[in-house]
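Participant: output the structure for:
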Amino acid sequence: MILIGENIHIISKDVSVAIRERNARFLQDLAVKQTEAGVHYLDLNIGPARKNPEEMVPWLVKAIEEVTDLPLSIDTLNPVAMEAGLAAITKSRALINSASGRTDSKQEMMPLAVKYNAELVLSVFTDKGCPPDADSRIESIMETAAYANELGIPNEDLWIDPVLLPISADQAQVGFDLEFMKMLEDAVPGAKSTIGLSNVSNGTPDHLRGILNRTMMVMLGRYNMYSVIADAFDKELIAINNGERPDIIDIVYKVMDEEEIDLSSLSQEMVHYVKTAEVLLDRMLYSDGWLDH
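Facilitator: Sure, this is the predicted structure:
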């Protein structure tokens, strides 16, 4: 699976301060560490970037390109900031993160993919918000992908995002994403897929976020998820993705298949993955203490 490092993110106070103060060294260090961790893309999440994006975003892109050859994903809903970033990228083909079926996105963001020959993350959002279930998300993305095709963007340049919502807010949403992935290839043939993996654990205690993210990645991978936007510094997540932990993949698949599992025969680590998979599949009620039940 393609890993997009999420750690240059404006929501981080340190990143926000470094961008505001034009502290290139701090951001370059983050970029180098993510590259060394083994991710395949770097996501530059600059948020709304309302203050002087025409200067700030090219500065950021240049700083990151000085220390890594990884392709960059520009992550903002501000089309002015997006274009400034796309115009500054010189080393690789850019990834726009993201567009959607919203009217403003169709009019302002999608044309940038054509202008700059960029690939495009396309989420299921519409003017009405996030569709409530798998079928409506598939219907939405088919319409939006068809619009992108009319602009000249082929399915092969689309990275479809079914949108992952926090498990703490709505357990059923996880199942909708898995169902969506089962249908995606037939709905938008040839398209790639991606998702903001860490969204699933938003709002949960810090010590529980990693296992939620890793288990969710394994589940999505079973249905051919092409990429995830994830924490580059989660060493176990990297190891799983590199095929170094087949035991974790195997146990999560067994839970998905509803195989009978003797918990007494497992290590505590494997028991935790079983319980986490049960929570994500809405078979066990979510609470912050699910690993203790």
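
Participant: now do the helices in this structure.
Facilitator: Counting by DSSP state H, the chain has helices at residues 13-20, 24-37, 53-65, 79-88, 103-108, 110-115, 134-151, 172-187, 206-222, 235-241, 246-256, 268-280.

Participant: just put the ones you listed in a markdown table and tack on mean pLDDT.
Facilitator: What follows is these, written out as a markdown table (pLDDT from 0 to 100):
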| stretch | mean pLDDT |
| --- | --- |
| helix 13-20 | 97 |
| helix 24-37 | 98 |
| helix 53-65 | 97 |
| helix 79-88 | 98 |
| helix 103-108 | 97 |
| helix 110-115 | 98 |
| helix 134-151 | 98 |
| helix 172-187 | 95 |
| helix 206-222 | 97 |
| helix 235-241 | 98 |
| helix 246-256 | 98 |
| helix 268-280 | 97 |
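
Participant: now do the contacts for the closest residue to Glu66 other than its chain neighbours.
Facilitator: In space, and not counting its chain neighbours, Glu66 is closest to Gln28: 6.7 Å by C-beta to C-beta, 6 or more residues apart in numbering. In this view, the C-beta of every residue, glycine as well, is placed from N, C-alpha and C. Taking C-beta atoms under 8 Å, 6 or more residues apart in numbering, we find Gln28 in contact with Ala63, Ile64, Glu66, Val67.

Participant: need the helices of the chain in JSON lines (columns: distance to Leu164).
Facilitator: Below are the helices of the chain laid out as JSON lines (distance: least, C-beta to C-beta, whole Å):
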{"stretch": "helix 13-20", "distance to Leu164": "22"}
{"stretch": "helix 24-37", "distance to Leu164": "21"}
{"stretch": "helix 53-65", "distance to Leu164": "25"}
{"stretch": "helix 79-88", "distance to Leu164": "22"}
{"stretch": "helix 103-108", "distance to Leu164": "19"}
{"stretch": "helix 110-115", "distance to Leu164": "22"}
{"stretch": "helix 134-151", "distance to Leu164": "11"}
{"stretch": "helix 172-187", "distance to Leu164": "6"}
{"stretch": "helix 206-222", "distance to Leu164": "7"}
{"stretch": "helix 235-241", "distance to Leu164": "15"}
{"stretch": "helix 246-256", "distance to Leu164": "16"}
{"stretch": "helix 268-280", "distance to Leu164": "11"}
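
Participant: quick one: closest of the ones you listed to Gly289.
Facilitator: helix 206-222 (9.4 Å; C-beta to C-beta).

Participant: could I get the contacts of Gln28 in JSON lines, plus columns for neighbour count and distance to Val57?
Facilitator: Below are the contacts of Gln28 laid out as JSON lines (neighbours: other C-beta atoms under 10 Å; distance: C-beta to C-beta, whole Å):
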{"residue": "Ala63", "neighbour count": "20", "distance to Val57": "11"}
{"residue": "Ile64", "neighbour count": "25", "distance to Val57": "11"}
{"residue": "Glu66", "neighbour count": "11", "distance to Val57": "15"}
{"residue": "Val67", "neighbour count": "16", "distance to Val57": "17"}
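
Participant: wait, which of these is closest to Ser98?
Facilitator: Closest to Ser98, out of all of these and judged by C-beta to C-beta, is Ile64, at 18.9 Å.

Participant: which residue is the nearest non-sequential neighbour of the closest one?
Facilitator: Ala31 (4.8 Å).

Participant: any idea how far Val17 is from that neighbour?
Facilitator: Distance of Ala31 to Val17, computed by C-beta to C-beta, to the nearest Å: 16 Å.

Participant: comparing those two, which shows the higher neighbour count?
Facilitator: Applying other C-beta atoms under 10 Å to Ala31 and Val17 shows that Ala31 carries more neighbours, namely 25 against 11.

Participant: need the contact list for the more buried one.
Facilitator: So Ala31 contacts Ile8, Leu42, Ile64, Val67, Thr68, Leu70 (C-beta under 8 Å, 6+ apart).
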